[in-house]
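> sequence and predicted model, in that order:
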Amino acid sequence: MWGTSILPLAALAALPCANAITLHKRDDPAVFGLPIVRSERSQALQKRSSKVASTDLYNVQNMYYMVNITIGTPAQNVSLSLDTGSSDIWVNVPNSTYCAADDDPCSSTGLFNLKDSSTFKMLDYEMNATYVSEFLAAGPYATDTLVIGGAAVKNMEFALAEESRNPHGILGIGYAASTNAAGNLGKEYANLPEALVSSGAIKSPAYSLWLNKFDGTGNLLFGGVNKARYEGELQTVPVLPLYGKYYSLDIALTDISVKSTSGTKSFASGLPLAVSLDNGSPFIVLPQDMVDPIYKEFGAGYSSTASAAYIPCNMAKADYNVTFGFSGATITIPISELVFENYTEKGFSKDDCIFGISYSEPGVNLMGDVFLRGAYVVYDLANNEISLANTNYDGGDDDILEIGTGTAAVPGATLMPSAVTSATGNGASQTIAASASLGPETGGTTTAYVTGTATVTTKSGGATSTSSKGLAALPTSKPNHLLPGILGAGLLLAL
């Protein structure tokens, strides 16, 4: 998600686990990691002797965590915003309508010049990334050699943003089914997680995310788990499919409890709820009826003028916390990690700070950076699972294990018994269910995508029906616009 100057957007993803503890520790594991560094300048790519990829991420103007990659032959340096909530890679080019402006807005993150690469190949279809009526980027797909964290992928597919509204491109690492090409054109391709498997860099399309403290250095680890970066054991829950397919990294939020001066209270109204663990959002955003009880306990509130939540700044020192439950897996976030100094927002008093839990728009329920900084998350795209543990800020030296293949691929992970496999989204009329199946398709069916509701209309003039999920509506046949993660819900959260 994009759009706020208040909090840094962490751009990483996480590796889910399998349903048994299987350790894979080899002399040369197929794993590579990318350090996440809060800095306004890019840092050199790092290559490890093992097959674990690591690349430096840095924060641009306290807004986004970026990752440095190279594209082309010879290599051209480009910095992209990493996003677990979308699936395409797209880069700005010199003739971009946005980047060609006199003030050279894209100079700090780099441009890709296709004419300078001997391995570049243009494809005959285009990306059109939009959020409802908001245009974001458009241009042709292409292939070229991409290097990330020392891992090289030949013929990697990505898009050239000849039209763009952003100074940097996106490195999406979600499901391949959610690429713009798959959603709009029915052309599903091997996006980065799958391409890294094909290239031999990792064993399975899985990765783990550790954001560390607000001002610390985190890590994105492809193909592995770092035991030194979490406490306890990884607990695994299923990703929620839609119509029997997997498009976004949604899981079921099943419990919220708050510790304050009045003790510990649990809130279960409206749960289970489908939420996305999305590094592209700075905040936790949930339905108002779930958030208001938290505000009451903490003395927080919501400013319609600022379109943001506020809280007395001195609350950062209180011994309060919020615990989020996912079928028995729990992550506890201390209030100190939810209170941020206010620099810009009108409608706040001088004693007010930004609060990291805010109201969601219908169908857009996100566990963003303020949650992810308190969690170690493993996204297992092969097994459609997410594994969670509370973060360990002071875990010492790395202890990295490889994620293998099969159902017991993620080391140290335990499948939660009786995990919730269905949940509704905020304002949703359609339940996301692990057992959901897609009915027979009609030849002329198309799907228009909007956040929260997908409207399906048959060309023959038949009845129109609507369905929705916890993030963005997803396809029943051939979508006109797929609105993934950072490209989809992000602009909704701009302050």
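Perfect, I can see it now. Numbering: from 1, shown residues only.
> mind checking how far stretch 71-88 is from the chain centre?
With Cα atoms, centre = their mean, to the nearest Å as the basis, stretch 71-88 stands 15 Å off its chain's centre.
> quick one: buried residues of it?
71-72, 76-88 (16 or more other Cβ atoms under 10 Å). The C-beta positions use only the backbone N, C-alpha and C, and glycine is treated the same way.
> same deal with stretch 155-175?
Those would be 156-164, 166-175, for stretch 155-175 by 16+ other Cβ under 10 Å.
> out of those residues, list just those in strands.
156, 157, 158, 159, 160, 161, 163, 164, 169, 170, 171, 172 (DSSP state E).
> what about residue 275, is that helix, strand or coil?
Recorded secondary structure, residue 275: strand (DSSP: H, G, I helix; E, B strand; the rest coil).
> give me the number of residues near residue 280?
When neighbours are defined as other Cβ atoms under 10 Å, residue 280 has 33 of them.
> isn't residue 88 right up against residue 156?
No - applying Cβ atoms under 8 Å as the test, residue 88 and residue 156 come out as separate, 11.3 Å apart.
> what segments of the stretch 1-150 of the chain are helices?
Taking DSSP state H, counting those that start in this stretch to define them, one finds no helices in the stretch 1-150 of the chain.
> which stretches of it have low pLDDT?
1-28, 35-64, 130-135 (pLDDT under 70).
> hmm, back to that, now for the ones in strands among the buried residues of stretch 155-175: which two are most distant?
Farthest pair in these (Cβ to Cβ) is 156 and 163. Separation: 21.6 Å.
> next, residue 323: phi, psi?
phi -110, psi 130 (degrees, to the nearest 10).
> residue contacts, it?
255, 256, 257, 258, 259, 330, 331, 332, 333 (Cβ atoms under 8 Å, 6 or more residues apart in numbering).
> and those residues, which is closest to residue 220?
Looking across the contacts of residue 323 and measuring by Cβ to Cβ, the closest to residue 220 is residue 331, at 18.4 Å.
> got the angle for the one helix or strand that closest one maps to vs strand 273-277?
Per DSSP states H and E, residue 331 falls inside strand 329-334. Orientation of strand 329-334 against strand 273-277 (axes from the mean of the first three to the mean of the last three Cα atoms, to 10 degrees) gives an angle of 70 degrees.
> tell me which residues of strand 329-334 come out buried.
329, 330, 331, 333.
> relative to it, what are the paired strands and their orientations?
strand 321-326 (antiparallel) (DSSP bridges).
> and the partner strand, what's its mean pLDDT?
Taken as a whole, strand 321-326 carries a mean pLDDT of 98.
> can you count the residues close to residue 113?
Neighbour tally, residue 113, other Cβ under 10 Å: 14.
> so for it, what's the nearest residue that isn't a sequence neighbour?
Once flanking residues are discounted, residue 113 sits nearest to residue 94: 5.7 Å by Cβ to Cβ, 6 or more residues apart in numbering.
> quick one: contacts for the one you found?
100, 111, 113.
> what's the straight distance from one end of stretch 106-115 to the other?
18 Å (Cα to Cα, to the nearest Å).
> chain center to that stretch, what's the gap?
Worked out by Cα atoms, centre = their mean, stretch 106-115 lies 24 Å from the chain centre.
> same thing with stretch 415-425?
20 Å.
> quick check: buried residues in it?
Buried residues in stretch 415-425 (16+ other Cβ under 10 Å): 415, 416, 419, 420, 421, 422, 423, 424, 425.
> what would these look like in TSV with pLDDT, distance to residue 299 and secondary structure?
What follows is these, written out as TSV (pLDDT from 0 to 100; distance: Cβ to Cβ, whole Å; DSSP: H, G, I helix; E, B strand; the rest coil):
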residue	pLDDT	distance to residue 299	secondary structure
415	95	39	strand
416	96	34	coil
419	95	34	coil
420	94	31	coil
421	92	37	coil
422	88	35	strand
423	89	30	strand
424	80	30	strand
425	72	29	coil
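> and the residues you listed, which is closest to residue 377?
Once Cβ to Cβ is applied, the member of those that ends up nearest residue 377 is residue 416, at 14.5 Å.
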